[in-house]
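Asks: Give me coordinates for this.
(one chain, ligands or ions: 1)
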Amino acid sequence: NLNNAIEDKLKALEIATNNAGTSTGTQWYNSGASFVSSSPVDGAVISNVNETTSEEYDQVVIKAQQAFKEWRTMPAPLRGDIVRQFNDELRRLKEPLGKLVSYEMGKSLQEGLGEVQEMIDICDFAVGLSRQLHGLTMHSERPGHRMYEQYHPLGIVGIISAFNFPVAVWAWNSALAWVCGDVTIWKPSEKTPLTGIACQKIAARIFAKNNLPEGISCLINGDYKVGELMTKDERVPLISATGSTRMGKQVAQTVAGRLGKSLLELGGNNAIIVTPDSDLNMTVIGAVFGAVGTAGQRCTSTRRLIIHESIYEVVKESIVRAYNQLRIGNPLDENNHVGPLIDKEAVKMYLDALEKVEAQGGKILVEGGVLEGELYKSGCYVKPAIAEAENHYEIVQHETFAPILYMMKYSGGVENAIELQNGVRQGLSSAIMTNNLREAEHFLSVAGSDCGIANVNIGTSGAEIGGAFGGEKETGGGRESGSDAWKVYMRRQTNTINYTTQLPLAQGIKFDI
Ligand code: NAD
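Replies: You can find the predicted model right below:
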């Protein structure tokens, strides 16, 4: 029985089946209306969670503001050590947390564990970073002057996350924000509140053990209305929001309206270009995993395959054959390739998209449909589908968060494929499969892919934490995770120090009194 299996995990994570939803650390608040967390795996209700009220939200912000005053004065390497301790806990709890992610969200157990591994990796990165938050020094034009720049924390970072990476996105943001000296308030997706509670409990224990104040890591819960409490709040200088483009447009406008900063990680419409010089085996694995992994619910999922006409039939047949081998079912069973969609609303969007692609002129190559029967009783299991389509169809231009792959042909040179690949409003992940150096370099050049992620001989899906992650155009332009993404969590200050007895002005201006 799945529920019994998960019961153990909840115990290991020290979460009860009835939980409050708002927390400043060890303190929990529960006066808001309750909503349920249910599993798309078997349709069972896992837990009740309380929505954050506006009064509770206010308490959280006040606690976070107070905590910031203390946390920001702790040397960054010591903050790094707190993140290291948090990471030790994540390593210890990887298995139960990974399983809860898998059960609450519906991704495969391997992917649930992989998500926790991503949290572990970003914490390792953040610990190293805590000794490297450096600015530049410059030469002053004035004698006896020294000029440099330094980075200071911003204050409260508001994190709004999506259901599909229920825990990793929080860790990407919070591990960096914490070493930078910021405090965080996290609103997880209302579809995955329980993994949020589990993470908050792990973090809170570490802060408390180190006698640090309440308010460094805070949790609020509920739908977009609770998110709006933060986006409208001038006390929250940075909002990092991950989710749909629709959400991002609203958040961006609200935050810009008060001249706050936003970091947006929004929808993708990712393509793989398959050239005549591609390796067929690698192409098939990359495309199929990219399209059906996490049931097509990754921001980097492969939505489009742009295949050269000379190899189109061969690639098509190989991929269709691979689709026929896919096993769909309980994601906690390692033999299955494809788990459920998040909920019935997602199933409806998937069915609508399949109808639309046909109505707009597409041809179905692998039939979709909803699976029925005892094993699929949550009503969220669907068959991954493939349609032959053209890039300009309205439905192809749109991100459908489900396992639907659109195949299309290109003719002539790689520049024609790149034009199709770039011919959508989103700009997250892109890939080319080729052994031809000229094609690969063209794809990566200024005239190549316009996405934030451009891969050669790798699919579109998944990324390592070491690089900056994010995309252009309607994907929102934000960058998270590795490289210098930390800079967005800090404010930059230029300092000039005069160690002489004179006061020369910049630009040689004379001002004698
Ligand atoms: P969603 O936009 O429905 O919700 C995301 C989060 O935003 C939720 O916590 C939700 O409550 C909140 N929210 C929604 N409207 C809001 C508003 N007006 N103000 C404040 N908060 C608001 O997205 P979803 O269905 O949970 O996730 C799927 C989407 O997320 C896909 O489009 C996917 O591509 C995208 N995504 C992008 C990335 C990335 O890094 N680019 C990563 C994961 C998911």
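Asks: Give me every residue in the chain lying close to the ligand.
Replies: Residues of the chain lying close to the ligand (Cβ under 6 Å from any ligand atom) are 160-165, 187, 189-190, 223-224, 227-228, 231, 242-244, 247, 250-251, 265-268, 299, 399, 401, 428, 475. C-beta coordinates here come from the backbone N, C-alpha and C atoms, glycine included.
Asks: Mind checking which of those are in helices?
Replies: Secondary structure from DSSP state H places 224, 227-228, 231, 247, 250-251 of those in helices.
Asks: Out of the residues you listed, grab the one that's most surrounded.
Replies: In terms of neighbours by other Cβ atoms under 10 Å, those top out with V251 at 26 neighbours.
Asks: can you pull the contacts of it?
Replies: Counting by Cβ atoms under 8 Å, 6 or more residues apart in numbering, V251 touches 160, 227, 231, 239, 241, 262, 264.
Asks: let's see 10 Å
Replies: When contacts are counted by Cβ atoms under 10 Å, 6 or more residues apart in numbering, V251 is found next to 158, 160, 224, 227-228, 230-231, 239-241, 243, 260, 262, 264, 266, 476.
Asks: List buried residues within those.
Replies: 158, 160, 227-228, 230-231, 239-241, 243, 260, 262, 264, 266, 476 (16 or more other Cβ atoms under 10 Å).
Asks: which among those gets closest to Q132?
Replies: Proximity of the buried ones among the contacts of V251 to Q132 (Cβ to Cβ) peaks at S240, which lies at 20.8 Å.
Asks: Am I right that the closest one is in contact with A162?
Replies: No: look at S240 against A162 with Cβ atoms under 10 Å: they stay out of range, at 11.7 Å.
Asks: got any residues that touch both of those two?
Replies: 169, 265.
Asks: need the contact list for G106.
Replies: Under the criterion of Cβ under 10 Å, 6+ apart, the neighbours of G106 are 39-41, 112, 163-164, 191-192, 294-295, 297, 330-332, 339-343, 346, 378, 380-381.
Asks: make it 7 Å
Replies: Neighbouring residues of G106 by Cβ atoms under 7 Å, 6 or more residues apart in numbering: 40-41, 331, 339-340, 342, 380.
Asks: still on that earlier bit, is it possible to export the ones in helices among the residues of the chain next to the ligand to a markdown table including pLDDT?
Replies: Formatted as a markdown table, those follow (pLDDT from 0 to 100):
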| residue | pLDDT |
| --- | --- |
| Y224 | 98 |
| G227 | 98 |
| E228 | 98 |
| T231 | 98 |
| M247 | 98 |
| Q250 | 98 |
| V251 | 98 |
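Asks: Next, format those as TSV and append distance to A322.
Replies: Conversion of those to TSV gives the following (distance: Cβ to Cβ, whole Å):
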residue	distance to A322
Y224	38
G227	39
E228	43
T231	42
M247	33
Q250	39
V251	38
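Asks: So what's the residue count around the closest residue to the ligand within the stretch 1-150 of the chain?
Replies: Residue of the stretch 1-150 of the chain nearest the ligand, by Cβ to the nearest ligand atom: M105 (10.2 Å). Residues lying near M105 (other Cβ under 10 Å) number 29.
Asks: if we can go back for a sec, wait, which of the contacts of G106 is closest to the ligand?
Replies: I342 (7.4 Å).
Asks: Please report phi then psi for that closest one.
Replies: As for I342, its main-chain torsions (degrees, to the nearest 10) stand at phi -70, psi -40.
Asks: residues in contact with it?
Replies: Contacts of I342 by Cβ under 7 Å, 6+ apart are 40, 105-106, 163, 191, 297.
Asks: same thing with W28?
Replies: For W28, the contact set (Cβ under 7 Å, 6+ apart) comprises 20, 22.
Asks: Could you check the pLDDT of it?
Replies: For W28, the pLDDT comes out at 96.
Asks: With A64 instead?
Replies: Per-residue confidence at A64 stands at 98 (pLDDT).
Asks: again, but for the one 4 residues further on
Replies: Model confidence at F68, given as pLDDT, is 98.
Asks: Contact partners for it?
Replies: 155-156, 183 are the contacts of F68 under Cβ under 7 Å, 6+ apart.
Asks: next one: Y381
Replies: Counting by Cβ under 7 Å, 6+ apart, Y381 makes contact with 328, 340, 371.
Asks: ok, which stretches of the stretch 251-400 of the chain are strands?
Replies: 261-265, 270-274, 302-308, 363-366, 385-388 (DSSP state E, counting those that start in this stretch).
Asks: Within the sheet, what are the partner strands of the last one, with directions?
Replies: Applying DSSP bridges, strand 385-388 is found paired with strand 363-366 (antiparallel), strand 404-410 (parallel).
Asks: List the buried residues in the last one.
Replies: For strand 404-410, a neighbour-count test (16+ other Cβ under 10 Å) marks 404-410 as buried.
Asks: what does the next helix or strand along the chain from that strand contact?
Replies: Per DSSP states H and E, strand 404-410 leads on to helix 414-422 as the next helix or strand towards the C-terminus. The contact list for helix 414-422 (Cβ under 7 Å, 6+ apart) reads 271, 273, 275, 306, 391, 408, 410, 430, 439, 442-443, 448-450.
Asks: Point me to the helix or strand that includes E7.
Replies: Per DSSP H and E: E7 is located in helix 2-12.
Asks: and if you look at A454?
Replies: strand 453-456.
Asks: quick one: strands adjacent to that strand?
Replies: For strand 453-456, pairing defined by DSSP bridges yields strand 429-433 (parallel).
Asks: So which elements touch the helix or strand that the strand it pairs with is followed by?
Replies: Downstream of strand 429-433, the first helix or strand assigned by DSSP H and E is helix 437-444. Under the contact criterion of 3 or more Cβ pairs under 7 Å, 6 or more residues apart in numbering; DSSP states H and E, helix 437-444 touches helix 414-422, strand 429-433, strand 453-456.
Asks: what is the mean pLDDT for helix 437-444?
Replies: Averaging pLDDT along helix 437-444 yields 98.
Asks: Tell me, please, where in this structure the pLDDT is lower than the cut-off.
Replies: For the chain, the stretches with pLDDT under 70 are 1-5, 17.
Asks: longest helix of it?
Replies: Counting by DSSP H, the longest helix found in the chain is helix 109-129.
Asks: okay, now the residue lying closest to K409 once chain neighbours are set aside: neighbour count?
Replies: Once flanking residues are discounted, K409 sits nearest to E309: 4.6 Å by Cβ to Cβ, 6 or more residues apart in numbering. Neighbour count for E309, taken as other Cβ under 10 Å: 11.
Asks: circling back to that earlier point, mind listing what's buried in the strand holding A454?
Replies: For strand 453-456, a neighbour-count test (16+ other Cβ under 10 Å) marks 453-455 as buried.
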